[in-house]
Structures are given as C-alpha cells and as structure tokens.
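In: What follows is a predicted structure for the sequence shown.
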Amino acid sequence: MLVIVCYDVNTETRPGQRRLRRVARLCESVGQRVQKSVFECQINRAQFEALERDLLAEIDPKADNLRFYRIAELRGYEVREHGCFKATDFDAPLVL
C-alpha cells in the first residue's frame, strides 16, 4: 500500500529540533521525501504499523502534528491524525 506521511514538528526549542531530525530519519528509512515534511512510503501493513508506532513515540502530541494517508488498492483512502492539528470539515456549512 502507498502511505503518505506528513508531519509538523514544533522546532522552537532544542528538543523540538531533535524530534524533527529523528522523525525525518525514521521517514527516510522507509520512504522518499516529496516535500520538506511529506514522505511517500510503499510499505505493507506490518511496516505501516511499525512506522506509526515509532513515529508516535517520537512526537510530542501537544506541540506536533502527524498525519498518515493510507492509499490501498480498491479501498480508497483512510486518514489517521495524531497531535494538535484540528481538521476542517469541508462538508459542514460555510460561515463567513
């Protein structure tokens, strides 16, 4: 399956800068960087579970954001969100 991994790590502190490097290294070990913090990974389910577990161990969910887009053949896609990011509901009424 194809998995898109996106992250936003708060780098305002020294520990945040170290987290960013560790997250990037983990992603580089299984996928290819397509943008600064976006990776495409062609992996199986077991590899996906291991990657998700390893990345969740690195991030600070109160300061960082981690998203996985799983694109499986014939199944469409699934998004798993972790951290402080709040997604916009594009199906909800638009209020100006």
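Out: Great, that's in hand. Residues are numbered from 1 along each chain as shown.
In: Tell me how far the longest helix that the chain contains lies from the chain's centre.
Out: Ranked by number of residues, the top helix in the chain under DSSP state H is helix 14-30. Offset of helix 14-30 from its chain centre (Cα atoms, centre = their mean, to the nearest Å): 12 Å.
In: What separation do you get for Y7 and A63?
Out: 12 Å (Cβ to Cβ, to the nearest Å). For glycine as for every other residue, the C-beta is placed from the backbone atoms N, C-alpha and C.
In: Quick one: list the elements packing against the one helix or strand F68 maps to.
Out: In the assignment (DSSP states H and E), F68 maps to strand 65-72. Secondary-structure packing of strand 65-72 (3 or more Cβ pairs under 8 Å, 6 or more residues apart in numbering; DSSP states H and E): strand 2-8, helix 45-58, strand 76-83.
In: wait, which of the ones you listed is closest to R25?
Out: helix 45-58 (9.4 Å; Cβ to Cβ).
In: got the contact list for that closest one?
Out: 1, 3, 5, 7, 19, 22-23, 26-27, 30, 41, 43, 66, 68, 70, 80, 82 (Cβ atoms under 8 Å, 6 or more residues apart in numbering).
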